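J.: Starting from these lines, generate the structure:
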Amino acid sequence: MSVRRTLGRCPADNEAQEGCGIPWGVTVQPFAATDELKRPPEQGDRGEALPRCDSCWAYLNSFCEIDKWAWTCALCGQLIAFSEEEAARYWQSSSPRPEVLSSFIDVELDDDNEDNPVDDFQARPVFVAAVDLSASEEFLELVKSSLLAALEALNAGALFGLITFSHKIGLYDVQGPVPVVKYVSIPPDMDGKLPVDLDMVMPLPAFLAPVENNKEHIAAALETLRPTSSWERATAAGQGVEGVSMGGRGFGVAMDALINYLGPEYGVTFAMARVFAFLSGPPDYGAGQLDTRRYGEQYSSKGEDADKALLPPQTSYYKDLAAQAVLAGVCVDLFAVTNEYTNLASLKYLSIESGGGLLLYSSTEEATLPQDLYRMLNRPYAFGCILRVRTSTEFKAATAYGHYFPDPEYDNVQRIICCDQFATYAFDFEFNSSSGFTRNMETPPILQMAFQYSILVPRDGGTNTSQANGNPSNVPVSSGSQAYVVKRRLRLRTLQMDVAANFTELYESADTEVILAVLTHKIVRASLDEGVKEARALLHDWLVILTAQYNDYCKLAQFEQPSTHSRLDVAFSGCPQLQALPRLIFALLRNQLLRSHEEGVHPDHRIYLQCLFSALEPSFLLRAVYPVLSSFETLDRRAYPRHSLSRAALMVNGSPIYVLDAFTTLIVYYSPTADPALPFPPPQN
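T.: Alright, predicted model coming up:
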């Protein structure tokens, strides 16, 4: 679990927090294998027996004072008595417990059901591909190749299902040499439901096929996928072929039925369920259909703010569907391959709130969908996750950011259906009173992150490192079905922080990568609430205010004097930790995330960037906002690892090969001085 702070030292009080101009917060990668200093956690067992504070419910940790019969909570100062068993464990034991040795621990939680016999479906991950047939041949070929790549990444023991949607839903039984397909028509009404539940059409045991025994059958079923003809769609929509809008993409009804199908209502509980939804355009048929004509209307409008009008969701249908998915334990990843307006502003909630991802490709020719899906499935992952933030009494987590579903009952609790090691969340802090930490300077502030999660472990093997990180795909298996057990674990990261005595200590402890990440989360939320123009203005004003406050503190600014501007330090030359900020803010302002609609930024692409940037860890986000430019003398010998992104720097360099890494895009450029014998296109490595 990596926890990175915008400020290495905490502001002393409200005045210091507001006066320094830097946001006070953290980014968290709860499932990262190491902490921010690359240290692994201390491993342990019996996590359910960890003592907890009676007052704030924090866990005992290495910063607590431990006596023979009691311990003092480091967060709230409460004295808690040990039970006899706990006293023996912490006072009389010859070997110290992990929670006493380290501030970063990962402990197993006992499961009473672990040794009980289970049916063939329990403790098995489920993956379902939902494929849009209201699409082109090129789209389906891309989806087929992507799913074939996904099958290679799925671990033995996984269950796979295939469902298609257009004006009807198709359920595939792929457990035989010839795939069997059963169809259910989708009602065209905006509030229509399927006439029959999917479990009545095909029982789940027939729909979900063990991957290790049915790869060839699944591949054969994929080859049968064909686009729905325009005649079929027009007939289903009750219109002629010459109609302006034929309809035929019943995505909303299909997702609603599929989530209910995979939910626990029918007595089957899976280890996890993950849906890969492939979409070639906007849902335009049945419940959940979206009106995409407003894009053209707003684009031609001169009197309305198109950026503000196209960012909010058109309907709450998919947000409500996400809540159902969370309750059912279903994670939805949405892959949209289209260059037409699809209204991702409405669709995004189904993916990001269920713990999934949203990826947008503008064309089938340039889409990297097979590679992206393979990498996604090949990463370690956890499921059924709960992230909880606790702080000492003087401050609290004010706002949480990231792809999660807020717990409806408890504050500062985030539910995450599926989480890999790169998934990142952010929190900003505020004081509970204006006095901050000044009333009790002897007790340092404490932050505790608790992350409870599940992983799959082979039943006949121990928990090695890769399995503990949630990815059993590299474990050797027999030709038969691999049996797994679900292991519930608790990961705790407790930080004791210093309080800054002055602004100098705050500025010198600043981390610009984390500052950029927290600012990006704030700006994304501001653009959704107030529009892109207002978000740009807020970001610009933040940098101006930070510069003014820095110069005021350094006694460089006397704002009553007309000559003040000539003495201002706008480059933060006196503080190396802040010098990158003006350039990073300029890059963020020029990013398509914040460029105006009139500059040609597609609203769906903006939503995609919002979802992408909201999930990236700070170093990846920095690369996406401010790309890394390096140069090479030959294909194998680097000239400079990093150049300034300025034309002048390139003109004086003269290297023959340049590589620009913008996270989602790699550009290789051969300059005129490059050897004509260099291979083109450049080699992959």
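
J.: Just the buried positions in stretch 637-647, please.
T.: Buried residues in stretch 637-647, counted by 16 or more other C-beta atoms under 10 Å: A639, H643. C-beta coordinates here come from the backbone N, C-alpha and C atoms, glycine included.

J.: Restricting to C-alpha, output that stretch in CSV.
T.: Extracted in CSV, the C-alpha atoms of stretch 637-647 (Å, rounded to 0.1, in the frame of the first residue of the first chain):
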residue,chain,number,x,y,z
ARG,A,637,22.3,3.9,-26.9
ARG,A,638,20.5,6.7,-25.1
ALA,A,639,21.8,10.2,-25.6
TYR,A,640,19.7,12.1,-23.0
PRO,A,641,17.1,10.5,-20.6
ARG,A,642,14.9,13.6,-20.4
HIS,A,643,14.7,16.8,-22.4
SER,A,644,12.8,20.0,-21.6
LEU,A,645,9.7,20.2,-23.8
SER,A,646,11.0,23.3,-25.6
ARG,A,647,11.9,23.9,-29.3
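
J.: residues making contact with it?
T.: With C-beta atoms under 8 Å, 6 or more residues apart in numbering as the test, stretch 637-647 has contacts from Y626, P627, V628, L629, S630, S631, F632, E633, A649, L650, N653, S655.

J.: Past the helix or strand harbouring the fourth one, which element shows up next along the chain?
T.: What it means is L629. Take DSSP states H and E as the rule and L629 turns out to sit in strand 628-632. Sequence-wise, the next helix or strand downstream of strand 628-632 (DSSP H and E) is strand 638-643.

J.: quick revisit: next, the angle from the strand holding L629 to strand 638-643.
T.: Calculated by axes from the mean of the first three to the mean of the last three C-alpha atoms, to 10 degrees, strand 628-632 forms an angle of 170 degrees with strand 638-643.

J.: for the record, mean pLDDT for strand 628-632?
T.: Across strand 628-632, pLDDT averages out at 90.

J.: Kindly export it (C-alpha atoms) in CSV.
T.: The C-alpha trace of strand 628-632 is given here as CSV (Å, rounded to 0.1, in the frame of the first residue of the first chain):
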residue,chain,number,x,y,z
VAL,A,628,8.8,12.5,-21.2
LEU,A,629,11.0,13.3,-24.2
SER,A,630,14.3,11.4,-24.5
SER,A,631,16.8,11.1,-27.3
PHE,A,632,19.0,8.3,-28.6
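
J.: residue boundaries of the strands in the stretch 1-150 of the chain?
T.: 2-5, 9-10, 25-29, 42-44, 65-66, 70-72, 79-81, 104-109, 125-132 (DSSP state E, counting those that start in this stretch).

J.: Give the partner strands of the longest one in its sheet and their orientations.
T.: Think strand 125-132. Paired with strand 125-132 in the same sheet, following DSSP bridges, are strand 159-165 (parallel), strand 272-279 (parallel).

J.: what would these look like in TSV with mean neighbour count and mean pLDDT?
T.: TSV is the format used below for the strands paired with strand 125-132 (neighbours: other C-beta atoms under 10 Å; pLDDT from 0 to 100):
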stretch	mean neighbour count	mean pLDDT
strand 159-165	25	94
strand 272-279	25	93
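
J.: Now distance to E108 too, for the ones you listed, in JSON lines please.
T.: Output for these, formatted as JSON lines (distance: least, C-beta to C-beta, whole Å):
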{"stretch": "strand 159-165", "distance to E108": "25"}
{"stretch": "strand 272-279", "distance to E108": "18"}
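
J.: Can you check which of these gets nearest to F422?
T.: Proximity to F422 (C-beta to C-beta) singles out strand 272-279 among the strands paired with strand 125-132, at 16.3 Å.

J.: burial of C385, as a residue count?
T.: Here the number of neighbours of C385 (other C-beta atoms under 10 Å) works out to 22.

J.: Kindly state the beta-bridge partners for it.
T.: Beta-bridge partners recorded for C385 (DSSP bridges): I416.

J.: Spit out the contact partners of it.
T.: P30, F31, G355, R415, I416, I417, C418, C419, F451, Q452, Y453, S454.

J.: Quick check, the fifth one in contact with T424.
T.: Yep, that's I416 we're talking about. No - assessed by C-beta atoms under 8 Å, I416 is found out of contact with T424, at 11.5 Å.

J.: could I get the strands of the stretch 1-150 of the chain as TSV with mean neighbour count, distance to Q324 and mean pLDDT?
T.: Converted to TSV, these look like this (neighbours: other C-beta atoms under 10 Å; distance: least, C-beta to C-beta, whole Å; pLDDT from 0 to 100):
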stretch	mean neighbour count	distance to Q324	mean pLDDT
strand 2-5	22	32	96
strand 9-10	22	40	94
strand 25-29	25	27	96
strand 42-44	17	36	90
strand 65-66	13	45	90
strand 70-72	17	42	91
strand 79-81	14	40	92
strand 104-109	22	27	92
strand 125-132	24	15	93
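
J.: Mind putting those into JSON lines with distance to N343?
T.: JSON lines is the format used below for the strands of the stretch 1-150 of the chain (distance: least, C-beta to C-beta, whole Å):
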{"stretch": "strand 2-5", "distance to N343": "35"}
{"stretch": "strand 9-10", "distance to N343": "42"}
{"stretch": "strand 25-29", "distance to N343": "30"}
{"stretch": "strand 42-44", "distance to N343": "46"}
{"stretch": "strand 65-66", "distance to N343": "56"}
{"stretch": "strand 70-72", "distance to N343": "54"}
{"stretch": "strand 79-81", "distance to N343": "52"}
{"stretch": "strand 104-109", "distance to N343": "41"}
{"stretch": "strand 125-132", "distance to N343": "15"}
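
J.: Go through those strands and name the closest to R459.
T.: Between those, strand 125-132 lies closest to R459; by C-beta to C-beta that is 14.2 Å.

J.: Now do the closest one: distance to the chain's middle.
T.: In terms of C-alpha atoms, centre = their mean, to the nearest Å, the centre of strand 125-132 is found 19 Å from the chain centre.

J.: contacts for that strand?
T.: Contacts for strand 125-132 (C-beta under 8 Å, 6+ apart): 139-140, 143, 147, 150, 154-155, 157-166, 208, 225, 249, 251, 254-255, 258, 262, 270-281, 377, 383, 456.

J.: same thing but 6 Å
T.: Strand 125-132 is contacted by residues 143, 147, 158-164, 270-280 when judged by C-beta atoms under 6 Å, 6 or more residues apart in numbering.
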